[in-house]
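Q: 3D model of this:
(one chain, ligands or ions: 1)
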Amino acid sequence: MSVLITGATGLIGQAITQKLREQNIAVHYLTTRKGKIKKEEGFKGFHWDPKKGEIDMHCFEGVTAVINLAGSSISQRWTKSNKKKILRSRLDSLQTLRKGIENLKVSSIKSFVSASAIGIYPNSLDRYYTEDVTDVDSSFLGEVVSKWEEEISLFNNLKFSVAAIRIGLVLSQEGGALPAMAKPIKYYVGAAFGSGEQWQSWIHIEDLARQFLFVIDQELQGVFNGVAPNPVTNTKLTKEIAVVLNRPLILPNVPRGVMQLVLGDMSYVLFASQRVSSKKIEEEGFEFYHKNICNALESIFHTAQEPSDAILKEFV
Ligand SMILES: NC(=O)c1ccc[n+]([C@@H]2O[C@H](COP(=O)([O-])OP(=O)(O)OC[C@H]3O[C@@H](n4cnc5c(N)ncnc54)[C@H](OP(=O)(O)O)[C@@H]3O)[C@@H](O)[C@H]2O)c1
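A: Predicted coordinates for the structure are as follows:
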C-alpha cells in the first residue's frame, strides 16, 4: 500500500502521515509550498498548484489510495476574497487531482477519500444528523461543503471506491479549535458562547486519522460522518476543558454580538449547532478509542507529546 495525501502538511494530514509511517506505509504528498518538499525513503513530497491546474504527475507512481485534505482554512475573516479562496481552493484541488488521475496511462489506485465537513448540516438544536439527511445549511459553510461534495462525487466516474468524511470539531493539542478554546480558560477568562446550548460534534484527532485509514483500507464508498459517538453542548465542552485544566469558569457566556465584532461573519462557526451521528462508520466495524469528551480531553492534555512533536519535525 502506498498513499498520496493532499494537505498533508496541515493538522489532520500530519496525524494521518504519522499513523501511516508507524505502519511502514509509503507516503507521497502534494504541497503548494516548494519549501515543504522532502524526498526520503517512504516519504516523498511533490509540488502542485491547484489554482493553475498544475500537478507533478510522478506523485501517482505506485499509489494505491488517495486522501484529499487540501483547502484554505475557514478560520480566517470571511471577506469576499477570502470566501472565494476558501471555496476555490477546495474545488481547484479536486479538479487538478481528478484530471491528473484521468490522464494516467496506468493507475494502481483502489480507493479515494476526501475531507468534507459537518457544516453541511442545517444549524439546529434539536435535529440528530445521519448521512442520509440531504438538507443543506443556508450559511456560507453550507454552500462551500455542498459544492465541495458535488466535486467529490465526480470521482465516482473513476474506477475505484470514493468516500467523503464529514469532519466535526477536531480535538488536538497541535492546532485547530481546542488550543484556541483552552487558552482563555487557562488564563481565567474562558466562557461558553451564546446560550451554550449549541451542539459540538467533536472527534479526537487520533480517531479521525484512524477513520481515514479505515475507509481506504476497507475501500468504503459514500459519505461518512467523522465525529465521536457522543456530541456535547458548547457549555459541556467548555466546562470539561476547565476541569481538565483545573481552572474555574468565572465569567458569563460570551454574547454573539461580541464575537461578531471580533471575528466578523466567521464567528458563525462558534454558534452553529450540529448534533451528528457516528453510527454509520461504527456499523462498518470502526471502533472509536475516544468515545466521551472527558476521556478525549484527558488524553490530549495529559499525554506525553513526543509522537506529535516528532511528526511536526517532518515538515520543518
Ligand atoms: N480541523 C477541523 O476541525 C476540520 C473540521 C472540518 C473539516 N476540516 C477539513 O479538513 C481538511 C484538513 O483540515 P486541517 O485542519 O488539517 O487543515 P489545515 O491545517 O488548514 O491544512 C490544510 C492544508 O491544505 C493546504 N492548502 C492550504 N491552502 C491551500 C490552497 N489554497 N490550495 C491548495 N491547498 C491548500 C495546505 O497544505 P500545503 O501548504 O502543503 O499545500 C494545508 O496544510 C480541510 O479541508 C478542512 O476544511 C477540518
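
Q: Report the closest residue of this protein relative to the ligand.
A: The ligand sits closest to G10 of the chain, with a gap of 2.0 Å, by Cβ to the nearest ligand atom. The C-beta positions use only the backbone N, C-alpha and C, and glycine is treated the same way.

Q: from what I can see that residue touches I67, true?
A: No: between G10 and I67 there is no contact under Cβ atoms under 8 Å: 11.5 Å.

Q: Pick out whichever of these two has more residues nearby.
A: A count of neighbours by other Cβ atoms under 10 Å puts I67 above the other of G10 and I67, at 29 against 20.

Q: In contact with that one, which residues?
A: V3, L4, I5, T6, G13, I16, V113, S114, F212, I216 (Cβ atoms under 8 Å, 6 or more residues apart in numbering).

Q: tell me the phi and psi of it?
A: Torsion angles at I67 (phi, psi; degrees, to the nearest 10) stand at phi -120, psi 120.

Q: Can you read off the pLDDT for it?
A: We have a pLDDT of 98 for I67.

Q: what's the neighbour count on the nearest residue to it once chain neighbours are set aside?
A: Nearest-residue entry for I67: I5, 4.6 Å, with adjacent residues in sequence omitted and distances by Cβ to Cβ, 6 or more residues apart in numbering. Residues near I5, counting by other Cβ under 10 Å, number 28.

Q: any idea how far I5 lies from T238?
A: 33 Å (Cβ to Cβ, to the nearest Å).

Q: Same question for T64.
A: Going from T64 to T238 by Cβ to Cβ gives 42 Å.

Q: again with G10
A: 25 Å.

Q: who in the stretch 51-200 of the chain is up against the ligand?
A: Residues of the stretch 51-200 of the chain that fall close to the ligand, judged by Cβ under 6 Å from any ligand atom: 69-74, 89, 93, 115, 117, 167, 169-170, 176.

Q: Any of those buried? List them.
A: Using 16 or more other Cβ atoms under 10 Å as the burial test, those include 69-72, 74, 89, 93, 115, 117, 167, 169-170, 176 as buried.

Q: Among the residues you listed, which ones are in strands?
A: Among these, DSSP state E puts A115, A117, I167, L169, V170 in strands.

Q: For D265, grab the count of nearby residues.
A: 13.

Q: Okay, the residue nearest to it when sequence neighbours are not counted and T6: tell me how far apart.
A: Closest residue to D265 apart from its sequence neighbours, by Cβ to Cβ, 6+ apart: W78 at 4.3 Å. For W78, the distance to T6 (Cβ to Cβ) stands at 23 Å.

Q: more neighbours, the two?
A: Between W78 and T6, counted using other Cβ under 10 Å, T6 has the larger neighbour count: 29 against 18.

Q: Quick one, grab the pLDDT at the closest residue to that one other than its chain neighbours.
A: In this structure, T6 finds its nearest non-sequential neighbour in A70, 4.0 Å apart by Cβ to Cβ, 6+ apart. On pLDDT, A70 comes in at 98.

Q: again, but for K313
A: 42.

Q: And for D309?
A: On pLDDT, D309 comes in at 45.

Q: Please apply the same query to H302.
A: 89.

Q: which residues are in contact with the helix or strand where K236 lies?
A: According to DSSP states H and E, K236 maps onto helix 234-245. The contact list for helix 234-245 (Cβ under 8 Å, 6+ apart) reads 178, 181-182, 185-186, 190-194, 196-200, 202, 232, 248-249, 253, 270, 293-294, 297-298, 301-302.

Q: from the chain's centre, how far out does that helix sit?
A: 22 Å (Cα atoms, centre = their mean, to the nearest Å).

Q: list the buried ones in whichever helix or strand comes after that helix?
A: Note on helix 234-245: by DSSP H and E, the next helix or strand toward the C-terminus is helix 256-263. Neighbour counts over helix 256-263 (16+ other Cβ under 10 Å) mark M259, L263 as buried.

Q: what packs against helix 256-263?
A: With contacts taken as 3 or more Cβ pairs under 8 Å, 6 or more residues apart in numbering; DSSP states H and E, helix 256-263 sits against helix 268-271.

Q: Quick check: K291 touching A228?
A: Yes: using Cβ under 8 Å, K291 and A228 qualify as a contacting pair, with a distance of 6.1 Å.

Q: can you pull the contacts of P122?
A: D135, V136, D137, S138, G142, Q274.

Q: State the pLDDT value of it.
A: According to the model, P122 carries a pLDDT of 98.

Q: which phi and psi does it have?
A: The phi/psi pair for P122 (degrees, to the nearest 10) reads phi -60, psi 140.

Q: swap in A26?
A: phi -70, psi 140.

Q: partners of it in the sheet?
A: Beta-bridge pairing for A26 (DSSP bridges): S2.

Q: just to revisit the earlier point, switch the contacts of I67 over to CSV; also include pLDDT, secondary structure and distance to C59.
A: Shown next, in CSV, are these (pLDDT from 0 to 100; DSSP: H, G, I helix; E, B strand; the rest coil; distance: Cβ to Cβ, whole Å):
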residue, pLDDT, secondary structure, distance to C59
V3, 98, strand, 11
L4, 98, strand, 6
I5, 98, strand, 10
T6, 98, strand, 9
G13, 98, helix, 14
I16, 98, helix, 16
V113, 98, strand, 16
S114, 98, strand, 16
F212, 98, helix, 18
I216, 98, helix, 16
